[in-house]
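1. What shape does this take:
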Amino acid sequence: MEVISSIGRRKTSVARIYMTAGNGEITVNNRTLEDYFPSEILRTIVRQPLNIVEVDGSYDIKVNVDGGGPAGQAEAIRLAVSRGLVDIDTEFRPPLKKEGFLTRDPRMVERKKYGRRKARRKFQFSKR
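-> Presented below is the predicted three-dimensional model:
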C-alpha cells in the first residue's frame with residue numbers, strides 16, 4: 001500500500017496530507033471532515049480536486065493542518081490534495097492546472113507598521 005504525501009499552504013495555514021488507496025475517508029486532525037468543517041462550502045473546497053479528476057471515493061486522506069482560520073486551512077488542504085493527485089498520476093495535471101488548484105496563493109496579511117494604526121491606515125488627523 002503506497003502512501004503519497006504532499007504539503008499545501010495558504011495565508012498562515014500549513015496542511016500535510018497522506019493519501020492511500022481506499023474508500024474516500026477524509027480525516028482532518030483525527031476528526032472526520034464533517035466534524036472539522038461544519039460549513040458545506042469549506043467541505044466542497046476540500047473535495048474540489050477529487051471531483052475535477054473524478055476520483056472522489058477512491059483515496060483515504062489523512063490531513064494534519066495547523067495555523068490560520070477555517071478558510072485558509074481548507075484552501076491549504078485543497079492545494080495539498082491537488083499536488084498529491086499529480087504525484088499519483090500526471091494525467092491529472094492539466095485539468096487541475098486549468099482550475100488553478102496547483103497555484104500557491106501568495107497573498108498574506110501585511111504587517112503593521114510603526115506610526116500607523118494598521119498596516120496602511122494612519123491615525124485620525126485632528127486639526128484642533
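2. C-alpha only now, for contacts and for neighbours.
-> OK.
3. Any idea which residue is closest to the centre of this structure?
-> residue 76 (1.8 Å; CA atoms, centre = their mean).
4. Just confirm that one contacts residue 12, I think it does.
-> No. Counting by CA atoms under 8 Å, residue 12 is not a contact partner of residue 76; they are 9.3 Å apart.
5. ok, residues contacting stretch 66-83?
-> Under the contact criterion CA atoms under 8 Å, 6 or more residues apart in numbering, stretch 66-83 has outside partners 6-17, 37, 42-43, 45-50, 63, 65, 96, 101-104.
6. Spell out for me the PyMOL command that would select the buried members of those residues.
-> The PyMOL command for the buried members of the contacts of stretch 66-83 (criterion: 16 or more other CA atoms under 10 Å) is given here:
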select buried, resi 6+7+8+9+10+11+13+14+15+16+17+37+42+43+45+46+47+48+49+50+63+65+96+101+102
